[in-house]
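Colleague: here's my sequence, what's the structure:
(chains A and B)
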Amino acid sequence: MLIDRPDSYNEEARDQQRFSVRVLLSILILLVLIAMLVVRMFTLQVGAHEHFITLSENNRLRIEPIPPTRGLIFDRNGVLLAENRPSFQLEITVEQTGDLDSLLERLSGMVALTPSEISRFRSLARQRRPFQPVPLKSGLDDETVARIAVARHELPGVEIEARPVRYYPHGEDFAHVVGYVGRINEQDLQRLDTRNYAGTSHTGKTGVERYYEDLLHGVTGHRQVEVNAQGRVIRELAVTPPVPGQDLFLGIDLELQLAARDALADLDGAVVAMDPSTGEVLALVSKPGFDPNPFVQGISRGDFAALQADPHNPLFNRALSGQYPPGSTLKPVVALAGLEEGVTTAERRMFATGYYQLPGHERRYRDWRRSGHGWVDMNRAIAVSSDVYFYDLGHKLGIDRMAPMFGAFGVGSRVGIDATGERSGILPSREWKRSAQNLPWFPGETLITAIGQGYMLTTPMQLADITSTLANRGQRVQPRLLRAIRQTSEADWVAQPVRYLEPVQASDAHWEAIHQALIAAVNERHGTAWGSVGSTSNGYVVAGKTGTSQVFSLGPDQEYKQSELDRRLWDHALFIGYAPADDPQIAVAVLVEHGGSGGRVAAPIARDVIKHHLLSKGLVAAVEEAS
Amino acid sequence: MISVTGRELTTGQWLLRSFRLDGMLMLLIAMLLGVGLLVLFSASGENVAALERQLLRIGVGFLGLLLFARVPVSVLKVWAPWLFLLGLGLLLGVMFAGDVGKGARRWLDLGLLRFQPSEIMKLAMPLTVAWYLSLRSGPPRFVDLIVVGVLIVVPVLLIMRQPDLGTALLVGASGILVLMLAGLSWGWIVGMVVALAAAIPVLWTQMYDYQRQRVLTLLNPESDPLGAGYHIIQSKIAIGSGGLYGKGWLNGTQSQLQFLPERSTDFVFAVYAEEFGFMGILFLLLLYFLIVGRGLWIAALAQDRFSRLVAGSISLTFAVYMVVNIGMVSGLLPVVGVPLPLVSYGGTSLVTLMVGFGILMAVQSQQRLVNR
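Modeller: Numbers count the residues shown, from 1 in each chain, chains lettered A, B, ... in the order given. Coordinates of the predicted model:
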């Protein structure tokens, strides 16, 4: 057959040969292509392996924060002042909702949704991770929860979650001490460690909540999870549990706090009570207060505006931020300066008329009592609160010898209380006036500084601190709200140490003279606090000093007539005191804004607070029963 | 031992003989299919049902292989033009009455059977071009080039418009490869490459937006990491993170956690690369090379021009499949939708490939008969 057709055979052979060449060529090309693929694979799998393994791990692994439980806050007797309560929160997993707009439409038929809640939800939803539920509304009541639960099948992606929410059971009465937490905002983020706050929604905004944020917050835990491409968690790989925040035990006594609140009644003012031996603040009241609970989840604009517009200014912390002229309450400090500087003695007497004039000056500096106080020594001058005696003493001392004594007691600097919002007041001096007003000091200003008027400003907190120093005869103790902390509910309380500060140096005799004068102011019939305090105190002796500080300056011949004045121009009523006088257990400062007379208005409040405290300690019970 | 024609044969050899199968090729195909099933089990998320469906397809494909292995090459040669015309007709039918699936009009519903006519073309094309060229002798001349050109371009354009770029590419390649193997002169080859390069701008205007997007994405996948570039980026991460030895079977995080799209179909290679690493890839490429090599061996030994050309084209088209798929999965080529042959999950392509191997075996057994 092949022999028959040589042409065909030759052609066939040639074709086969040609074909074989082409096949060999193809194999060569294929080998080149395969080599290219091998090189490519080698580049990806060996050369860039580290790069791609990182990318694949980044794909697969996610670190999810586990927020710690916030520490609790107790009063000194273990009564809860701030706790974490489960609150029903409506959350939406956007990935599961389908049409979000129509879902929100349906929900608004079941839950009252404000436009601000919806806009907050939308902004949170933009920042979420895949499959992370976004809160829409919190604090749902049982009825709403039930209504949503029934309709759940037509609400895809909607969940009701019980989340711990900060709650202040004694809301209004502790708002100015404990403060409150609120949602973390832009400003907070700049201050907080964002890594530790990765899962935390709230942070302390004011008060103890803010001051002890680090202790209360705890350490965020983490769980490393494996997620799929949709962001759904497949399994948990590792967990670092969170460290819960520490519980705080304040020195505040709830009962005393409420007693102080009740004593202030509906007056605007502040009461600060301290234990002079430890510096623990026993009560810190600023009235009016406000309910901090709405602030936790975000107070509505209208409610906040109403609080701000309230003429009694409930958001203002009078005890820490309020700066008032101390008035006569600081006359004992001036007296001590006079004694220490040798300018006067306790026994020196002067005849106090109704006014004082600087030598060679026309201006009359009036006493609060037009008729004057007659012959007074230092004891009586403090007891009756003679302005003229202190004009004279102030003039003799001069501002340069008076200011350091005020400074030694802490006027003009924050006491360093462990809460937010404290202000420093003003310690007037030549230097202060030059830097603040660029003006020289005038001799007349020395006189009014000696009676606690003029430029000098103190906070009620500072006054309580000064009272404590007077009670301790110069030993200053760091005032503080925190009494003890504990790591967990099983752990023991760790008491905070008492911190002693640089004492005010004065001789024992001088301290005794001041001490006796303060006793006289309360317990002698001529004392300014006799009527309201001394006459009603049984079984213990209160030492104290009244004060009435002017809100505006009277002209030289003007007379202060309360009945003719607008309430906002009334004098501030003040009282500082400690008891029992020979073994001080409590030091109190009371300020009543526009209260009028310190003796009539502020002193009784201090009396009630002192009495409550000493009664609760059993110090006066026996005497009360006996009488 | 069974004695046939005086030679000692084992039972296996006897079985292969009686079914006219090539033992070496069968072994290689079986190994590749085995690897494929292993990867599919992992890629489908250990889905036994998917594995069963794929096994069913392999069964159907094997039946097709057995059937075509028994069809004499001379019969195929007679059928070739008619098969081509049938395929062309069905492609036109698809164009006017096809079913839409995944946004493309590729499917023809024949009541009982739903299939892609373009799959017929994958076989009809090399058969027909080979048939035409075997009517002529010597290297293809200009006239042949024109005729074959028309034979290739018409169905390819029809398939491209479905649109199915991947299949169009494979069908076109199978035709062109016949031309090359038939000894097309180098001048023409160079001319065609130049013409192709010149045609790229024209092709560009003819492409759909998504096809253009794929080309652009290839050039810079990071420009659109969540959109068109996502496939390539995730696929490269899967391959690269596999490293030298891979993360282990069923342990590929990219695939198991569904970061890798199309992981059991077009991107199954990335799953394999992630779990078996560079070493696994070397093994897989070797397997492919051996299959292609065996196919070309059969082609080189074939007795007539038609058999040679058909067998050569089928083998090399198989190689094109593999190179294009791995190239696109590893980011060297645009994503054109070419499956990894014999491994990717999916029916029609697998059956067509098996039938193709059946034809190869028919060629081989015929050569054996002639040589005897």
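Colleague: hey, C-alpha coordinates of stretch A:390-408 in PDB?
Modeller: C-alpha atoms of stretch A:390-408 as PDB (Å, rounded to 0.1, in the frame of the first residue of the first chain):
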ATOM      1  CA  PHE A 390     -10.200  94.000 112.500                       C
ATOM      2  CA  TYR A 391      -9.900  97.200 110.400                       C
ATOM      3  CA  ASP A 392      -7.500  98.400 113.000                       C
ATOM      4  CA  LEU A 393      -5.600  95.100 113.300                       C
ATOM      5  CA  GLY A 394      -5.500  94.800 109.500                       C
ATOM      6  CA  HIS A 395      -4.100  98.300 109.200                       C
ATOM      7  CA  LYS A 396      -1.400  97.500 111.800                       C
ATOM      8  CA  LEU A 397      -0.500  94.200 110.100                       C
ATOM      9  CA  GLY A 398      -0.600  95.400 106.500                       C
ATOM     10  CA  ILE A 399      -1.400  93.200 103.500                       C
ATOM     11  CA  ASP A 400       2.200  91.900 103.300                       C
ATOM     12  CA  ARG A 401       1.900  90.200 106.700                       C
ATOM     13  CA  MET A 402      -1.800  89.200 106.400                       C
ATOM     14  CA  ALA A 403      -1.600  87.500 103.000                       C
ATOM     15  CA  PRO A 404       1.100  84.900 104.000                       C
ATOM     16  CA  MET A 405      -1.100  83.700 106.900                       C
ATOM     17  CA  PHE A 406      -4.200  83.400 104.600                       C
ATOM     18  CA  GLY A 407      -1.900  81.600 102.200                       C
ATOM     19  CA  ALA A 408      -0.600  79.200 104.900                       C
END
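Colleague: next one: it to chain centre, how far?
Modeller: 34 Å (C-alpha atoms, centre = their mean, to the nearest Å).
Colleague: stretch A:11-20 too?
Modeller: 98 Å.
Colleague: helix, strand or coil for the closest residue to chain A within the stretch 151-300 of chain B?
Modeller: The stretch 151-300 of chain B approaches chain A most closely through B:G240 (2.6 Å), counting by C-beta to the nearest C-beta. (Glycine included, C-beta is placed from N, CA and C.) Put simply, B:G240 is helix when judged by DSSP: H, G, I helix; E, B strand; the rest coil.
Colleague: now do the buried residues in stretch B:83-93.
Modeller: B:L83, B:F84, B:G87, B:L88, B:L90, B:L91 (16 or more other C-beta atoms under 10 Å in any protein chain shown).
Colleague: re earlier: how many neighbouring residues does the residue of the stretch 151-300 of chain B closest to chain A have?
Modeller: Number of residues near B:G240 (other C-beta atoms under 10 Å in any protein chain shown) recorded here: 28.
Colleague: closest to B:R53 among the buried residues of stretch B:83-93?
Modeller: Distance to B:R53 across those (C-beta to C-beta) is lowest for B:L90, with 24.6 Å.
Colleague: so what's the residue lying closest to A:P604 once chain neighbours are set aside up against?
Modeller: Of all residues not flanking A:P604 in the chain, A:S532 sits nearest, at 4.6 Å (C-beta to C-beta, 6 or more residues apart in numbering or on different chains). The contact partners of A:S532, taken as C-beta atoms under 8 Å, 6 or more residues apart in numbering or on different chains, are A:G599, A:R600, A:A603, A:P604, A:R607.
Colleague: got phi/psi on A:S532?
Modeller: Dihedral pair for A:S532: phi -90, psi -30, per degrees, to the nearest 10.
Colleague: would JSON lines of the contacts of A:S532 with distance to B:L301, neighbour count and secondary structure be doable?
Modeller: Formatted as JSON lines, those follow (distance: C-beta to C-beta, whole Å; neighbours: other C-beta atoms under 10 Å in any protein chain shown; DSSP: H, G, I helix; E, B strand; the rest coil):
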{"residue": "A:G599", "distance to B:L301": "126", "neighbour count": "27", "secondary structure": "helix"}
{"residue": "A:R600", "distance to B:L301": "126", "neighbour count": "16", "secondary structure": "helix"}
{"residue": "A:A603", "distance to B:L301": "123", "neighbour count": "31", "secondary structure": "helix"}
{"residue": "A:P604", "distance to B:L301": "122", "neighbour count": "19", "secondary structure": "helix"}
{"residue": "A:R607", "distance to B:L301": "121", "neighbour count": "26", "secondary structure": "helix"}
